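# pasting the structure only:
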Ligand SMILES: CCCCCCCCCCCC(=O)SCCNC(=O)CCNC(=O)[C@H](O)C(C)(C)COP(=O)(O)OP(=O)(O)OC[C@H]1O[C@@H](n2cnc3c(N)ncnc32)[C@H](O)[C@@H]1OP(=O)(O)O
């Protein structure tokens, strides 16, 4: 009886391990067992969130790895010394710009920021951006979740482009106001493993009339591995 129980438990563990390796089944299990809030809604129209519903997504949550938290703590300490500020991050672009509007002027939010479009923590991007006004620089600490896969186990190149465009965009907006990306030029130097933490460093190189030229790099947590280099042009509109 004891031997039979041990075999049964081993068998169940093998089945569970196999299930976890099946992406479609895993997704289905998430949907069945998880909170209903992350099932995709058929009604994409969301009313303006009340003040208490303005969730700041750049704060640590339970999906953050220890290395993500360490980097966050490092920049929070620098923020207390005054050189950097942590920028809040909402899940709709419009929320960033109309937070001060009186209730009557607030628009209906019908869209989601691309980088904040998943309702489950840790599946997509987890990130926080810090801005250094004196040096016209932004830093984005990010952790790439399993739904950002390109090549097996690695982040998709388009997802990398997205986090660079966003970090540079925030730097350009903080420096020059309303801008659009005109050109984004990327060299992928080494792959980024899903689940790992990395840091985007971005700076304004020069401003010519309406043109803001920036450069960016993505490195691993200790800065020793260069993953990506980019130059970005924003045009003031
Ligand atoms: C806190 C917030 C959080 C929340 C916010 C999160 C931040 C997210 C940021 C994401 C930003 C995006 O992805 S934006 C989405 C992707 N981008 C787009 O869809 C932009 C599409 N393109 C456009 O709308 C337009 O082409 C513009 C606006 C870029 C430029 O049009 P324009 O205003 O008519 O200006 P134009 O005269 O053509 O060009 C002005 C000058 O720029 C030069 N120029 C224009 N385009 C280019 C180019 N590709 N490469 C080189 N140079 C260029 C011109 O030669 C000229 O130089 P000279 O003759 O003056 O010397």
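Cool, got the structure. Nothing here was measured: the structure is a model prediction, and the numbers come from that model.
# OK, contacts around the residue nearest the centre of the chain?
Closest residue to the average C-alpha location of the chain: residue 125 at 3.3 Å, with CA atoms, centre = their mean. Residue 125 makes contacts with 115-116, 142-145, 148, 159, 162-163, as judged by CB atoms under 8 Å, 6 or more residues apart in numbering. C-beta coordinates here come from the backbone N, C-alpha and C atoms, glycine included.
# As a markdown table, these with distance to the ligand would be great.
Listed next are the contacts of residue 125 as a markdown table, based on distance: CB to the nearest ligand atom, whole Å:
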| residue | distance to the ligand |
| --- | --- |
| 115 | 8 |
| 116 | 9 |
| 142 | 14 |
| 143 | 18 |
| 144 | 18 |
| 145 | 19 |
| 148 | 17 |
| 159 | 14 |
| 162 | 8 |
| 163 | 10 |
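# Can you tell me how far the one residue in the chain that gets nearest to the ligand is from residue 195?
Nearest residue of the chain to the ligand (CB to the nearest ligand atom) works out as residue 169 at 2.6 Å. As defined by CB to CB, to the nearest Å, residue 169 lies at a distance of 25 Å from residue 195.
# So between these two, which is more surrounded?
With neighbours defined as other CB atoms under 10 Å, residue 169 and residue 195 compare such that residue 169 has more, 20 against 14.
# Give me the pLDDT value at that one.
pLDDT recorded at residue 169 is 97.
# and it, that one's in a helix?
Yes - per DSSP: H, G, I helix; E, B strand; the rest coil, residue 169 lies within a helix segment.
# And for the closest residue to it other than its chain neighbours, the neighbour number?
Computed as CB to CB, 6 or more residues apart in numbering, the closest residue to residue 169 that is not its neighbour in sequence is residue 181, at 6.5 Å. Residue 181 has 15 neighbours, counted by other CB under 10 Å.
# tell me the contacts of residue 59?
Residue 59 is in contact with residue 128, counting by CB under 8 Å, 6+ apart.
# Which of the helices or strands spans it?
Assigned by DSSP states H and E, residue 59 belongs to no helix or strand.
# One more: the one 3 residues further on?
Secondary-structure element containing residue 62, defined by DSSP H and E: none, the residue being outside all helices and strands.
# Give the helix, strand or coil label for the residue lying closest to it once chain neighbours are set aside.
Closest residue to residue 62 in three dimensions, ignoring its sequence neighbours and counting by CB to CB, 6+ apart: residue 121, at 6.7 Å. Assigned state for residue 121: coil (three-state reduction, three-state DSSP).
# gap between residue 121 and residue 57?
According to CB to CB, residue 121 and residue 57 sit 9 Å apart.
# Neighbour count for those two, which is higher?
Shown here are residue 121 and residue 57; by other CB under 10 Å, residue 57 has more neighbours (17 against 14).
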